[in-house]
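Trainee: Provide a 3D model corresponding to the input given below.
(4 chains)
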Protein chains: 2
Amino acid sequence: MNKPEIPTLDDVAKEARVSTATVSRCLNSPDQVSTKTRDKVLKVVKDLGYTPNFGAQALAAKRTNTFGAIVPTMNNAIFAAGLQAFQEELGHNGATLLLASSSYNSQAEEEQIRSLVSRGADGLLLIGTQRSDQIYSFLDDRQIPFVIAWSYEENKRRSCVGFDNLKASYELTLRAISLGHKKFAIISAPTHSNDRAKNRVMGIHKALKDNGINFQNVQSIECEYSIGNGFESFKTLMQVADRPTIVMCGNDVLAAGAVKMAHEMGLKIPDDISITGFDDIELASVIEPALTTVHVRHKKMGMLAAQVLLKQVDDKSYRENIKLDTWIVEGKSLAKPRSFL
Amino acid sequence: MNKPEIPTLDDVAKEARVSTATVSRCLNSPDQVSTKTRDKVLKVVKDLGYTPNFGAQALAAKRTNTFGAIVPTMNNAIFAAGLQAFQEELGHNGATLLLASSSYNSQAEEEQIRSLVSRGADGLLLIGTQRSDQIYSFLDDRQIPFVIAWSYEENKRRSCVGFDNLKASYELTLRAISLGHKKFAIISAPTHSNDRAKNRVMGIHKALKDNGINFQNVQSIECEYSIGNGFESFKTLMQVADRPTIVMCGNDVLAAGAVKMAHEMGLKIPDDISITGFDDIELASVIEPALTTVHVRHKKMGMLAAQVLLKQVDDKSYRENIKLDTWIVEGKSLAKPRSFL
DNA sequence: ATATAAAATGTAAGCGCTTACATTTATCGG
DNA sequence: CCGATAAATGTAAGCGCTTACATTTTATAT
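Mentor: Sure, this is the predicted structure:
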């Protein structure tokens, strides 16, 4: 069996009796070619089943139409939803997604960034703001367009599509306070090198402080994102003499674990204990009782991020800072503490 | 401001006073170079911050070290988990993942396949067996290594890493039958162009048939994967005079929706109605009552798929058919029907 | 020390495409 | 019908890398 010959631009050009330049133009800027030749060439392209060689195209055009995204983990509904939207929007524009996950490890993230850049990514989607100056200047030096998602910052020097984690968390906490809660506990994702998690915790602290509640005494556990960890952490938080009346969780998955443990311990939600989540993933509405949580527009974020990124590729100096709104989703897991009943 | 000059192989070669070939060898096959020059060259590489140009490399080497994966949706924990493992395994081997999702549309999937191939993917991860002969021969013609995941087939002509959807479903159904269930209903993902969904339904039918239960009368609803659809479908299934005693769902997400509706309708699970899932995603253990479902080794599948794919790239004739085991996870959502209590 | 094999390095020809520039062909007012 | 201008097409020089092959250096055996 002889090797299948993959047709090249040259083959098409010969077959259509035109120059390679014309074929290239038919494909990349059709209006520069007369209708007659264009039709002729495109027919040959189809007959031969020609597809451009990616490497050659990238080398010659200095552009790959691929975009990189580095997410902390794919194993998380929020990033999955955002990425799906991001990819779809790219797809509408003839671009493709290169995906990597950093496992919440900033060292790994830097490597991934470099790797994606050297793979010719035209632009990058990054999660959160927190990374070394070094890697930011690497991106600047190479003039790689990138957009930060899931975090919002006023920073005209770089683009972002995110929301105010601190404020959202602040407002959820205010809500709890207004219901009469005074004894808080927190289960958070690790705040080290995760500005979203950090801001969510800070939002709680600020709300407490603003309302004269001492936040130094607030028990707080940091653990990685999983139902199991929420489960264990909740137990730990409850093993104190003076139990909190509310456990605020950094995200819905941790909250789901907490709810599960509450059931196991025979605690009624929300009478014995209130639990809040963050993100409003589908899960939040299924568990019993439905979680009170913060809705985040993950899909919209992914879509807008793609749009901003594409604009930045066209115009390297383009920047945009988009803040999306969030809102509290009322479930049944947050209510007045028992002492107020 | 002058454009940042990205260093090339040539720059490195000049700086290190060797030929470009030597530099290339230092990077790609270090043992062909003496320790002395290698150290010298690698130092320059580091000092200059050189990274190979992807396009050039791809063009010259006819290999990109990128692999494509096309999943029906990212918005599904099972694929997310599998992909994450797939990507990590690739990463350990210096390869990167190109990701696309087809939205369960086989037309779209074909386009994605062609797109990823023309983008120079060295190999592909595909979900399920069901696609046109045309696209299979496209892959064969171009000798693109690929591996099919989530489905198992005895087919020496192509590789797969999957499990027996039919058998797993069959056994779960047997379990229900042995508990005394005779009136079944099904909520399935669309079986058109989805062999996994199809086999899961067929497994149920076969088990019923083998046990003398007429499966023609079994109510069955097909709907896309979402909690909301499970919710609605369950309601529909219950709006009949002769209600089923068990609703078997094609996956955990649909089951979660069904459970939610059961609660809403005031039906006790499992006393009034049994509900089963499939996949054993984290969700399954959190909802109340915990789902009886089928555990699938998604992560293992992703990892193995990467390994098989990498082997196939080295040896184009290599094939492997791996069948992973599955097992029933006992939740509280499946029990004897009321009439048997 | 010398012949010979092996290891290290260099030379240079592409890989398949895009695009600046040159050339040819069509269009059009007078 | 002519010359001027615009539109269409062609020519050919890279883009930055890998690798077959040629050459030089080093190691080994005699």
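
Trainee: Report pLDDT for the nearest residue to A:F86 once chain neighbours are set aside.
Mentor: Leaving aside its chain neighbours, A:F86 sits nearest to A:G302 (3.8 Å; criterion: CB to CB, 6 or more residues apart in numbering or on different chains). Any C-beta I mention is one placed from the backbone N, CA and C, and that applies to glycine too. You'll see A:G302 listed with a pLDDT of 96.

Trainee: Tell me how many other residues crowd A:G302.
Mentor: If you count neighbours by other CB atoms under 10 Å in any protein chain shown, A:G302 ends up with 28.

Trainee: for A:D10, same thing?
Mentor: With neighbours defined by other CB under 10 Å, the count for A:D10 comes to 11.

Trainee: Tell me if I'm right that it and A:A21 touch.
Mentor: No. Counting by CB atoms under 8 Å, A:A21 is not a contact partner of A:D10; they are 11.4 Å apart.

Trainee: on that earlier part again, that's a helix at the residue nearest to A:F86, yeah?
Mentor: Yes. Per DSSP: H, G, I helix; E, B strand; the rest coil, A:G302 lies within a helix segment.

Trainee: ok, now how distant is it from A:G82?
Mentor: Separation of A:G302 from A:G82 (CB to CB, to the nearest Å): 4 Å.

Trainee: what touches both of the two?
Mentor: Shared contacts of A:G302 and A:G82, defined by CB atoms under 8 Å, 6 or more residues apart in numbering or on different chains, comprise A:A149.

Trainee: interface residues of the stretch 201-341 of chain A facing chain B?
Mentor: A:226-227, A:253, A:256-257, A:259-260, A:263, A:282-283, A:285-288 (CB under 8 Å from any CB of the partner chain).

Trainee: Just to check, A:G128 is in contact with A:V147?
Mentor: No. With contacts counted by CB under 8 Å, A:G128 stays clear of A:V147, the gap being 11.8 Å.

Trainee: what about the two, which has more around it?
Mentor: A:V147 (29 against 23).

Trainee: beta partners of the more buried one?
Mentor: On the basis of DSSP bridges, A:V147 is bridged to A:L125, A:S159.

Trainee: Show the contacting residues for it.
Mentor: By CB under 8 Å, 6+ apart, A:V147 lies in contact with A:G123, A:L124, A:L125, A:L126, A:R158, A:S159, A:C160, A:V161, A:A305, A:V308, A:L309, A:Q312.

Trainee: which one of these sits closest to chain B?
Mentor: The closest of the contacts of A:V147 to chain B turns out to be A:L125 (CB to the nearest CB; 12.2 Å).

Trainee: Was I right to think that closest one contacts A:F146?
Mentor: Yes. A:L125 lies in contact with A:F146 (CB under 8 Å); the separation is 7.2 Å.

Trainee: So for these two, which sits in the more crowded spot?
Mentor: A:L125 (30 against 24).

Trainee: which ones are touching that one?
Mentor: A:L125 touches A:F67, A:G68, A:A69, A:I70, A:F86, A:F146, A:V147, A:A149, A:A305, A:A306, A:L309, counting by CB under 8 Å, 6+ apart.

Trainee: Same check on A:N199?
Mentor: Contacts of A:N199 by CB under 8 Å, 6+ apart are A:S151, A:D164, A:N165, A:L166, A:S169.

Trainee: how does it look with 6 Å?
Mentor: Counting by CB atoms under 6 Å, 6 or more residues apart in numbering or on different chains, A:N199 makes contact with A:N165, A:L166.

Trainee: same thing with the one 3 residues further on?
Mentor: For A:M202, the contact set (CB under 6 Å, 6+ apart) comprises A:L166.

Trainee: tell me the phi and psi of it?
Mentor: As for A:M202, its main-chain torsions (degrees, to the nearest 10) stand at phi -60, psi -30.

Trainee: So what's the residue count around A:D122?
Mentor: 21.

Trainee: can you pull the contacts of the residue nearest to the spatial centre of chain A?
Mentor: In chain A, the residue lying closest to the centroid (CA atoms, centre = their mean) is A:F79, at 4.5 Å. By CB under 6 Å, 6+ apart, the contact list for A:F79 reads A:V71.

Trainee: Now with 8 Å, please.
Mentor: Residues in contact with A:F79, defined by CB under 8 Å, 6+ apart, are A:V71, A:P72, A:T73, A:I127, A:H298.

Trainee: Out of those residues, which sit inside strands?
Mentor: The strands, defined by DSSP state E, take in A:V71, A:I127 from the contacts of A:F79.

Trainee: Name the nearest residue to A:T245, sequence neighbours excluded.
Mentor: In space, A:T245 is closest to A:P337, 3.8 Å off (CB to CB, 6+ apart).

Trainee: Would you check that that neighbour makes contact with A:S178?
Mentor: No. Taking contacts as CB under 8 Å, A:P337 lies outside contact range of A:S178: 11.9 Å.

Trainee: and the two? which has more neighbours close in?
Mentor: Per other CB under 10 Å, whichever of A:P337 and A:S178 has more neighbours is A:P337, with 20 against 10.

Trainee: Which parts of the stretch 101-250 of chain A are strands?
Mentor: With DSSP state E, counting those that start in this stretch, the ranges of strands along the stretch 101-250 of chain A come out as A:123-127, A:146-149, A:159-163, A:184-188, A:219-222, A:246-249.

Trainee: Looking at these, which one is packed in the most?
Mentor: Comparing the strands of the stretch 101-250 of chain A by mean neighbour count (mean count of other CB atoms under 10 Å in any protein chain shown), strand A:246-249 ranks first with a mean of 28.
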